[in-house]
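**Student:** Below: sequence and its predicted model.
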Amino acid sequence: MWHDMLSVQIPILEKILRTILVYALIVVLFRVAGKRGLASLNTFDFVVIFLLSNVVQNAIIGNDNSLLGGAIGAVTLIAMNALMNRWLVSDERAVRLLEGTPTTIIDDGRLLTRPLKRLGLRPEEIKHAIRVQNGDSVSDVALGRLESNGQLVIVLKPSEQNATRRDVIELENRLAAIDDLLSTLARRLPGDPVER
């Protein structure tokens with residue numbers, strides 16, 4: 001039993017190379033598929049991900065069903081991912097090559113149909129993202145971009161943005177100044193005090 005679990009049935013270097021090559025293939029496939037695949041996963045996307053993991057399993061493990069062989073594959077995947085992340089942090093060209101650049105999809109309240117079609121995004125998905133980010137409609141949006149990581153970032157027009165804490169503090173300060181001014185005027189004017 002222990003022998004079967006710990007006996008790697010294909011050369012360790014082959015297992016590592018298989019894992020690296022499959023990892024690279026999947027990175028390229030997701031890059032070719034585009035940012036939309038990362039933007040919001042629908043039912044079809046989940047099906048593809050589940051089936052993809054099963055399809056590439058044999059390419060990674062080969063004829064090896066040992067525990068140690070699986071551990072080697074898992075360690076290689078985690079190490080490759082960590083190396084890729086560190087590379088992307090240190091090299092902007094690699095980021096543009098592997099992740100792409102942001103794409104503007106809304107400009108001054110108008111959906112840009114050409115980028116939407118190219119990315120495979122439906123207007124309903126965009127409208128949902130706008131509502132999630134406190135907007136009511138596309139006309140409320142100053143700028144909408146699909147980032148290279150698939151996140152949809154919405155910037156509302158200033159007139160549509162919620163008040164910030166700073167806005168509230170400034171309003172309170174203005175009201176206090178008006179109150180002080182009215183109090184000063186009431187003390188200086190003869191007769192009846194000014195009603196507030």
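**Tutor:** Okay, I see it.
**Student:** low pLDDT regions in this protein?
**Tutor:** Low-confidence regions of the chain, defined by pLDDT under 70, span residues 1-5, 34-42, 191-196.
**Student:** what's the domain layout of it?
**Tutor:** 2-99, 103-160, 163-196 (automatic domain parsing).
**Student:** Could you dump the ones you listed into JSON lines with mean neighbour count added?
**Tutor:** Heads up, the C-betas are built off the backbone N, CA and C, glycines and all. Below are the domains of the chain laid out as JSON lines (neighbours: other Cβ atoms under 10 Å):
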{"stretch": "domain 2-99", "mean neighbour count": "14"}
{"stretch": "domain 103-160", "mean neighbour count": "16"}
{"stretch": "domain 163-196", "mean neighbour count": "10"}
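**Student:** wait, isn't G69 in contact with Q9?
**Tutor:** Yes. In this structure, G69 is within contact of Q9 by Cβ atoms under 8 Å, at 6.5 Å.
**Student:** Would you map the helices across the protein?
**Tutor:** 2-6, 12-33, 36-39, 43-61, 67-90, 92-99, 113-119, 123-132, 165-188 (DSSP state H).
**Student:** Just put these in TSV and tack on distance to G150.
**Tutor:** Output for those, formatted as TSV (distance: least, Cβ to Cβ, whole Å):
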stretch	distance to G150
helix 2-6	39
helix 12-33	10
helix 36-39	3
helix 43-61	11
helix 67-90	15
helix 92-99	9
helix 113-119	10
helix 123-132	11
helix 165-188	30
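**Student:** Of the ones you listed, which is nearest A142?
**Tutor:** helix 123-132 (11.6 Å; Cβ to Cβ).
**Student:** Just want the most central residue of this protein.
**Tutor:** Q151 (3.0 Å; Cα atoms, centre = their mean).
**Student:** So that one versus I178, what's the distance?
**Tutor:** Spatial separation of Q151 from I178 under the definition Cβ to Cβ, to the nearest Å is 43 Å.
**Student:** I10 is in contact with S66, isn't it?
**Tutor:** No. In this structure, I10 is not within contact of S66 by Cβ under 8 Å, at 9.3 Å.
**Student:** if I read this right, T101 contacts S148, doesn't it?
**Tutor:** Yes. Contact criterion Cβ under 8 Å: T101 and S148 qualify, at 6.0 Å.
**Student:** how far away is the nearest residue to L6 once chain neighbours are set aside from I60?
**Tutor:** Nearest residue to L6 in three dimensions, chain neighbours excluded: L68, at 4.9 Å (Cβ to Cβ, 6 or more residues apart in numbering). According to Cβ to Cβ, L68 and I60 sit 14 Å apart.
**Student:** Check K127 too.
**Tutor:** Taking Cβ to Cβ, one finds K127 at 40 Å from I60.
**Student:** I appreciate the help and will end here.
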